[in-house]
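In: Let me see the structure of the following:
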Amino acid sequence: MASTTWVQFLKGGLLIIFSIILVGAVLVRGISTEPDQGGQVPFYEYQQLTATRTDDGLTVTEPGWQVVQEQEIKAGLVFVQLRGESGGTSWWNAHEGEDQVVLNETQWVETVDGQKWINGAAASDDNTLRQVGNLQRVNGEAPVETGSILNPLEFLATMTADDSIVRLWKPATVTTDSGDKVTVYYWSDVSGEKVMRPGLRFKVEGTPLERLDFLSLMLALFLAPQPCPTSSSAITRSPTLRPHASPPSWPSPPSGSSTS
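Out: The predicted structure is shown next:
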């Protein structure tokens, strides 16, 4: 028992030490709206296109783009495959507006002739998914390079500001007209105040179905274990499940009697 307690103290101490190192590294590097991993990886700016929807379908406003197909999946997400002037295709996330459709550039992974392709080219050491997740605006301004922020409270205040915008990414699976599966990674811009708000991991602010799922999970965690005794107490209380219990002894028959 004592050894187990010391292991827990050791694990907790290591967690605190490495957390302090990580926080210090983040504060020293600071915040950037165009992160490039210290100059090792060029920052990639994702494009936005506009399109109009008519009875004939979707038409991109910018010249040189042609709509190949349009697919709608669950939760109302719409993805459009476009062909550019070079002949290559790409996937875009469509958002319906009042008078136009906004197309956001995405990343995607597909299988072509049994080989993995990323963003329209064969996967390799030089062609991988780009880094994702960054601040688009810091206190309403962009581009921004803050440098070192030695005050943790100042860092948290900057991250949780309403006008600090964080770009988050999610995956989605799209089935093409030919029946192939494509994994599309699309982005959305969210205020820093919402990103830092607790409870988002468990869909507290999701759809009504996601909220009901979260409520059922909490009820199961809080109520289900209550009537169930732990395994050790169940073994202790049950005479038939006691560990190392010897089999019951039967009284010996009286001397001179016969058994049949």
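In: shouldn't residue 181 be in contact with residue 175?
Out: Yes. Using Cβ atoms under 8 Å, residue 181 is in contact with residue 175, at 6.1 Å. The C-beta positions use only the backbone N, C-alpha and C, and glycine is treated the same way.
In: residue boundaries of the helices in the stretch 1-150 of the chain?
Out: 2-29 (DSSP state H, counting those that start in this stretch).
In: So which residues of it form strands?
Out: Ranges of strands within the stretch 1-150 of the chain are 48-54, 57-60, 66-72, 78-83, 89-96, 101-105, 107-112, 115-118, 121-122, 134-137, based on DSSP state E, counting those that start in this stretch.
In: Tell me the strands beside the second one, with direction?
Out: If I follow you right, that is strand 57-60. Note on strand 57-60: by DSSP bridges, its sheet partners are strand 48-54 (antiparallel).
In: okay if I get the strands of the stretch 1-150 of the chain as CSV plus mean neighbour count and mean pLDDT?
Out: Converted to CSV, those look like this (neighbours: other Cβ atoms under 10 Å; pLDDT from 0 to 100):
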stretch, mean neighbour count, mean pLDDT
strand 48-54, 14, 93
strand 57-60, 14, 91
strand 66-72, 15, 95
strand 78-83, 20, 96
strand 89-96, 19, 95
strand 101-105, 19, 96
strand 107-112, 17, 95
strand 115-118, 14, 95
strand 121-122, 11, 94
strand 134-137, 18, 91
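In: Columns distance to residue 146 on top of those, output as JSON lines?
Out: Formatted as JSON lines, the strands of the stretch 1-150 of the chain follow (distance: least, Cβ to Cβ, whole Å):
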{"stretch": "strand 48-54", "distance to residue 146": "25"}
{"stretch": "strand 57-60", "distance to residue 146": "37"}
{"stretch": "strand 66-72", "distance to residue 146": "40"}
{"stretch": "strand 78-83", "distance to residue 146": "35"}
{"stretch": "strand 89-96", "distance to residue 146": "29"}
{"stretch": "strand 101-105", "distance to residue 146": "26"}
{"stretch": "strand 107-112", "distance to residue 146": "27"}
{"stretch": "strand 115-118", "distance to residue 146": "32"}
{"stretch": "strand 121-122", "distance to residue 146": "35"}
{"stretch": "strand 134-137", "distance to residue 146": "10"}
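In: looking at the ones you listed, which is closest to residue 157?
Out: With distances scored as Cβ to Cβ, the stretch of these nearest to residue 157 is strand 134-137 (13.8 Å).
In: CA-only coordinates of the closest one in PDB, if you can.
Out: Output of strand 134-137 as PDB, limited to C-alpha atoms (Å, rounded to 0.1, in the frame of the first residue of the first chain):
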ATOM      1  CA  ASN A 134      -4.100  28.800 -34.900                       C
ATOM      2  CA  LEU A 135      -5.200  32.200 -33.900                       C
ATOM      3  CA  GLN A 136      -6.700  34.200 -36.700                       C
ATOM      4  CA  ARG A 137      -7.000  37.400 -34.700                       C
END
